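Asks: Here you go, sequence then predicted model.
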Amino acid sequence: MNTPYNKTFITIGEPMAMFTANEAGDLAHANSFTKRLAGAEMNVAIGMARLGYSSAYLTKLGLDSFGRYIEQALNQEGIDTSHFTYSSERPTAFQLKSRELNGDDPVVEYYRKHSAASTLCAEDYPEAVFAQQSHLHLTGVACAVSPTLRGLCHKALDTARAYGNSVSFDTNLRPSLWSSNHEMVEEINALAFKADIVLPGVSEGMILTGTDQPEAIADFYLSHGVQLVVVKLGSDGAFYKTAGGESGYVAGHPVKKVIDTVGAGDSFAVGVISAWLESLPLRQSVARGCLFGALAVQVLGDSEGLPTRTQLNELAS
């Protein structure tokens with residue numbers, strides 16, 4: 001499948017096996033679950049692969065059934081897993097997710113402490129991996145998992161920029177993984193300031209910049225060298241602004257019924273990044289992001305709503 005972009009898409013993160021309750025209500029009362037994939041960066045890698053991009057995912061798995069499940073599933077998606085590393089001492093992470101019937105955010109319980117991916121470090125990958133012509137996508141989740149994984153994110157970003165490759169960063173805050181909000185803000189912004197594209201949510205913007213005004217959030221990152229900021233506004237759509245002063249609001253895509261909110265931000269990122277790499281006008285790129293986010297919330301699972309290139313063309317026709 002051909003796309004207008006012939007470079008590799010690369011991302012780094014912690015994949016998880018996810019068990020979604022088949023019955024609504026308290027997880028304690030759930031008797032059956034459906035196994036799926038979970039992980040912010042992995043969702044984006046899947047979305048890019050479905051659109052025909054050469055998509056590579058870097059992670060570390062345990063030598064266990066969850067690890068085998070994840071690797072097999074990603075191979076089926078056409079994702080390059082050749083950079084996977086493995087641990088015989090640490091497990092692959094997993095999570096439990098509740099089933100909600102009224103469009104509420106589900107309850108998610110994580111089992112990721114001391115996971116294989118938490119031991120990822122800068123020494124796991126040579127500079128050449130990030131020096132190849134590519135687009136690198138990072139998120140605030142990966143850099144929160146452990147200090148060593150955060151070090152790998154910095155190495156990847158610095159190397160990508162040194163070789164002239166583009167970088168996107170989704171702030172994607174996980175306060176429970178940090179020792180303090182102060183540390184989270186300092187570390188997340190340190191990475192965001194080095195990216196070309198930053199994708200904060202409006203509530204995240206309040207934590208990271210001290211304001212919940214979309215344009216002020218954008219100006220904060222633009223003043224630190226970012227080229228494009230797209231502020232996610234949930235069902236209201238998104239606001240975008242560039243270093244050159246181009247800006248605007250894009251309305252959210254109508255949704256008849258919200259089924260599962262998890263993964264909407266990752267899907268939004270796929271839409272924006274893919275369209276930006278295809279040199280589409282910014283308003284059109286952000287509109288694709290809003291469309292992908294809307295598709296995500298209408299199905300169960302974190303990545304199940306991501307379209308293929310054929311499906312995208314049909315939606316656009």
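Replies: Nice, I can see it.

Asks: What are the boundaries of the strands in the stretch 101-250 of the chain?
Replies: Remark: strands assigned in the stretch 101-250 of the chain by DSSP state E, counting those that start in this stretch are 108-111, 134-139, 166-170, 197-199, 228-232, 238-242, 247-250.

Asks: how about the ones you listed in CSV, adding mean neighbour count, distance to residue 210 and mean pLDDT?
Replies: Where you see a C-beta, it was placed from the backbone N, CA and C, and this is true even at glycine. Below are the strands of the stretch 101-250 of the chain laid out as CSV (neighbours: other Cβ atoms under 10 Å; distance: least, Cβ to Cβ, whole Å; pLDDT from 0 to 100):
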stretch, mean neighbour count, distance to residue 210, mean pLDDT
strand 108-111, 15, 28, 94
strand 134-139, 25, 21, 97
strand 166-170, 25, 19, 98
strand 197-199, 28, 16, 98
strand 228-232, 26, 14, 98
strand 238-242, 22, 17, 98
strand 247-250, 16, 20, 98
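
Asks: for residue 257, what are its contacts?
Replies: Taking Cβ atoms under 8 Å, 6 or more residues apart in numbering, we find residue 257 in contact with 103, 298.

Asks: quick one: it and residue 39, what's the gap?
Replies: 26 Å (Cβ to Cβ, to the nearest Å).

Asks: ok so, going back, out of the strands of the stretch 101-250 of the chain, the one nearest residue 76 is which?
Replies: Within the strands of the stretch 101-250 of the chain, the stretch nearest residue 76 is strand 134-139; the backing value is 20.9 Å (Cβ to Cβ).

Asks: Show me what that closest one is packed against.
Replies: Secondary-structure packing of strand 134-139 (3 or more Cβ pairs under 8 Å, 6 or more residues apart in numbering; DSSP states H and E): strand 8-12, helix 40-50, helix 147-162, strand 166-170, helix 264-277.

Asks: Between those, which one is closest to residue 214.
Replies: helix 264-277 (14.5 Å).

Asks: And the average pLDDT for the closest one is what?
Replies: Across helix 264-277, the average pLDDT comes to 96.

Asks: just the angle between it and strand 134-139, please?
Replies: Helix 264-277 and strand 134-139 are oriented at 160 degrees to each other (axes from the mean of the first three to the mean of the last three Cα atoms, to 10 degrees).

Asks: Figure out how far helix 264-277 is from the centre of its chain.
Replies: Offset of helix 264-277 from its chain centre (Cα atoms, centre = their mean, to the nearest Å): 9 Å.

Asks: Could you do stretch 15-34 as well?
Replies: That offset, for stretch 15-34, works out to 22 Å (Cα atoms, centre = their mean).

Asks: show me what contacts the nearest residue to residue 188 once chain neighbours are set aside?
Replies: Distances taken as Cβ to Cβ, 6 or more residues apart in numbering put residue 140 closest to residue 188, at 4.9 Å, once the chain neighbours are dropped. By Cβ under 8 Å, 6+ apart, residue 140 lies in contact with 169, 170, 171, 172, 173, 174, 184, 188, 191.

Asks: Likewise for residue 109?
Replies: Neighbouring residues of residue 109 by Cβ under 8 Å, 6+ apart: 27, 95, 96, 97.

Asks: measure it to residue 246 for me?
Replies: Residue 109 is 42 Å from residue 246, where distance means Cβ to Cβ.

Asks: thinking again about what came up before, now the strands of the stretch 101-250 of the chain as a markdown table including distance to residue 121?
Replies: Below are the strands of the stretch 101-250 of the chain laid out as a markdown table (distance: least, Cβ to Cβ, whole Å):
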| stretch | distance to residue 121 |
| --- | --- |
| strand 108-111 | 21 |
| strand 134-139 | 15 |
| strand 166-170 | 20 |
| strand 197-199 | 25 |
| strand 228-232 | 30 |
| strand 238-242 | 34 |
| strand 247-250 | 39 |
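
Asks: what's the closest of those strands to residue 8?
Replies: That would be, of the strands of the stretch 101-250 of the chain and by Cβ to Cβ, strand 134-139, which comes in at 4.2 Å.

Asks: still on that earlier bit, same list, the helices and strands packed on strand 134-139, but as JSON lines with distance to residue 196 please.
Replies: Below are the helices and strands packed on strand 134-139 laid out as JSON lines (distance: least, Cβ to Cβ, whole Å):
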{"stretch": "strand 8-12", "distance to residue 196": "14"}
{"stretch": "helix 40-50", "distance to residue 196": "15"}
{"stretch": "helix 147-162", "distance to residue 196": "9"}
{"stretch": "strand 166-170", "distance to residue 196": "5"}
{"stretch": "helix 264-277", "distance to residue 196": "9"}
